[in-house]
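Undergrad: pasting the sequence and the predicted coordinates here, then a few questions.
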Amino acid sequence: METKNSAARPAFPEELKYQSGFGNDFSSEAIDGALPLGQNSPLVCPYGLYAEQISGTSFTSPRKLNQRSWLYRVKPSVTHEPFRPRVPKHGKLVSEFNESNSSATPTQLRWKPAEVPESPTDFVDGLYTVENTLDYDLVNALLSSPAVIHIADLCSFRDSSACLTVGFRFVVDLPDGPSRGYVAEIFGTHFQLPDLGPIGANGLAASRDFLVPVAWFEHISRPGYTIVQKFGGELFTAKQDFSPFNVVAWHGNYVPYKYDLSKFCPYNTVLMDHGDPSINTVLTAPTDRPGVALLDFVIFPPRWLVAEHTFRPPYYHRNCMSEFMGLIYGGYEAKADGFLPGGASLHSCMTPHGPDTKTYEATIALGNEAGPRRISNTMAFMFESCLMPRVCPWALESPYMDHDYYQCWIGLKSHFACEIVSEDGQDVENEHAEKK
Ligand SMILES: O=C(O)Cc1cc(O)ccc1O
Ligand SMILES: [Fe+2]
């Protein structure tokens, strides 16, 4: 990633161009004839470019899982000075998790959105680690602080998700001013589209809506250009005298991509009951256990609610998977208030949660006669993982921590009503019913 002031960098072309598809073998050349044909490593590549392979899986991974790309660059990536540890600006990007610097908690956690920092903050310094997993060091959910971020085509986070493949260098440049976003890092596996089962061949996220950038390069001297690299959880910097965005042609299937969440085609119940959230899975990073995700990326987009004689909001539940949620914009159907855009919640393995009291009461008040209703202006998401999250102390002690979160359920009354008949056949007051 690059964090230098974007003023020093020539503008990206006004209209960035993309190829569409998911998991394809793509190819692209910014200059006609720059991509070698018939072989990957000619003795001399067209235009004197350097050939460089980037592997996303081990060389010997089965073909259907194997991911790699061949890049033809002005100079190879190796041309840089040694990496040095980057002095952290704050201690909130946590790398190594252990029992003393993180904790697992069965309590429901919620954070309010953090305020925009007063001084300009770039993407790297705006990243705060919220939670990680001890067992595997595979999942690292990061909450990017609201930041004045100078970023490139990561797009506004408003309704896009971008997947950056491990090892790719990227620049973050958000021209629209202060922005916030959420980042989940996964290691050891890659995201794939979920199987659709009985849904059929279409629906949810369509492969054609995933966009992969075409080759684009800049060929200028950039003395002192700084690369920031996250490695083993820690940050390092290295200087080089040229731009890393120097790929003139490439081909392969190990690629970064972006996806506009508004393109998602939701499926849901059309008669009764509330569908499990897996129905809204955009991407899944699998484990070796069938159906058990290292990380599912699930969204809750605008849609129609039509179920009859049904409690329509998410049900009360306890999940063996852990749920980290964020809100990109609008409101969330299970929380009348308190869960705000830019905020987050964490319900770890088996932690009970569900609609707040206001949502419950309002839903019951609507009764069975509620007609079809469209949930609009909303985009919430969930990172759901089979791993046990451990939370950073700063996140627990943060001023943005909502210490009153539990209050949103505490007022749920017992509506239990049954007639208790005494032994002599007389009705007696239902002791279980709460007096209002
Ligand atoms: O907890 C949440 O709000 C996420 C969620 C949504 C839903 O529709 C069903 C289950 C679930 O965990
Ligand atoms: Fe949940």
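TA: Good, I have the coordinates. Numbering: from 1, shown residues only. Ligands and ions are numbered 1, 2, ... in the order given.
Undergrad: excluding chain neighbours, give the residue nearest to the closest residue to ligand 1 within the stretch 301-436 of the chain in space.
TA: Ranked by CB to the nearest ligand atom, the top residue of the stretch 301-436 of the chain for proximity to ligand 1 is residue 314, at 3.4 Å. (Each C-beta comes from the backbone N, C-alpha and C, glycine too.) For residue 314, ignoring the flanking residues on the chain, the nearest one in space by CB to CB, 6 or more residues apart in numbering is residue 334 at 4.7 Å.
Undergrad: flag every residue of this structure that's near ligand 1.
TA: For the chain, the contact set with ligand 1 under CB under 6 Å from any ligand atom comprises 274, 277, 314, 317, 319, 323, 334, 353, 382.
Undergrad: how about the contacts made by the residue of the stretch 1-150 of the chain found nearest ligand 1?
TA: As assessed by CB to the nearest ligand atom, ligand 1 sits closest to residue 108 within the stretch 1-150 of the chain, at 10.0 Å. Counting by CB atoms under 8 Å, 6 or more residues apart in numbering, residue 108 makes contact with 345-347, 351-353, 405-406.
Undergrad: could you do residue 268 as well?
TA: Residue 268 makes contacts with 275, 279, 303-304, as judged by CB under 8 Å, 6+ apart.
Undergrad: how about it, phi and psi?
TA: Per-residue torsions, residue 268: phi -170, psi -180 (degrees, to the nearest 10).
Undergrad: and residue 242, by the same measure?
TA: When read as degrees, to the nearest 10, the backbone of residue 242 gives phi -150, psi 160.
Undergrad: can you name the residues bridging to it?
TA: Beta bridges link residue 242 to residue 221, judged by DSSP bridges.
Undergrad: just to revisit the earlier point, in helices, which of the contacts of residue 268 fall?
TA: Nothing among those maps onto helices, per DSSP state H.
Undergrad: separate out the buried members of those residues.
TA: Using 16 or more other CB atoms under 10 Å as the burial test, these include 279, 303 as buried.
Undergrad: Serialize the contacts of residue 268 to TSV and add fields for distance to residue 411 and pLDDT.
TA: Formatted as TSV, these follow (distance: CB to CB, whole Å; pLDDT from 0 to 100):
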residue	distance to residue 411	pLDDT
275	27	97
279	30	98
303	28	97
304	30	97
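Undergrad: can you report how many residues neighbour residue 25?
TA: 10 (other CB atoms under 10 Å).
Undergrad: residues contacting it?
TA: Per CB under 8 Å, 6+ apart, neighbours of residue 25: 251-253.
Undergrad: of those, closest to ligand 1?
TA: Closest to ligand 1 out of the contacts of residue 25 is residue 253 (32.2 Å), distances taken as CB to the nearest ligand atom.
Undergrad: if I look at the residue of the stretch 1-150 of the chain closest to ligand 1, how far off is residue 92?
TA: Counting by CB to CB, to the nearest Å, the separation of residue 108 from residue 92 is 22 Å.
Undergrad: low-confidence ranges, the stretch 251-400 of the chain, go.
TA: Applying pLDDT under 70 to the stretch 251-400 of the chain flags no residue at all.
Undergrad: how about the nearest residue to residue 104, chain neighbours excluded?
TA: residue 390 (5.2 Å).
Undergrad: neighbours around that neighbour, how many?
TA: By the measure other CB under 10 Å, the count of residues near residue 390 is 20.
Undergrad: secondary structure element for it?
TA: Per DSSP states H and E: residue 390 is located in strand 389-391.
Undergrad: let's verify residue 240: helix, strand, or coil?
TA: strand (DSSP: H, G, I helix; E, B strand; the rest coil).
Undergrad: skipping adjacent residues, who's closest to it in space?
TA: residue 80 (3.9 Å).
Undergrad: any idea which helix or strand carries residue 27?
TA: Going by DSSP H and E, residue 27 is part of strand 26-29.
Undergrad: paired strands for that strand, with orientation please.
TA: strand 246-252 (antiparallel).
Undergrad: what's the strand it pairs with in contact with?
TA: By CB under 8 Å, 6+ apart, the residues outside strand 246-252 that reach it are 25-31, 34-36, 46-47, 49, 54, 67-75, 215-219.
Undergrad: biggest separation within the contacts of residue 268, which pair?
TA: 279 and 304 (13.9 Å; CB to CB).
Undergrad: and residue 361, its phi and psi?
TA: Dihedral angles for residue 361 - degrees, to the nearest 10 - are phi -60, psi -40.
Undergrad: roughly how far does it sit from residue 327?
TA: 21 Å.
Undergrad: who has more neighbours, those two?
TA: Taking neighbours as other CB under 10 Å, residue 361 and residue 327 compare with residue 327 leading, 22 against 16.
Undergrad: the more buried one - that's part of a strand, no?
TA: Yes. Per three-state DSSP, residue 327 lies within a strand segment.
Undergrad: which strand residues bridge it?
TA: With DSSP bridges as the rule, residue 327 is bridged to residue 380.
Undergrad: tell me the contacts of it?
TA: Residue 327 is in contact with 339-343, 379-381, counting by CB under 8 Å, 6+ apart.
Undergrad: do residue 337 as well
TA: With CB under 8 Å, 6+ apart, residue 337 has these contacts: 356, 358.
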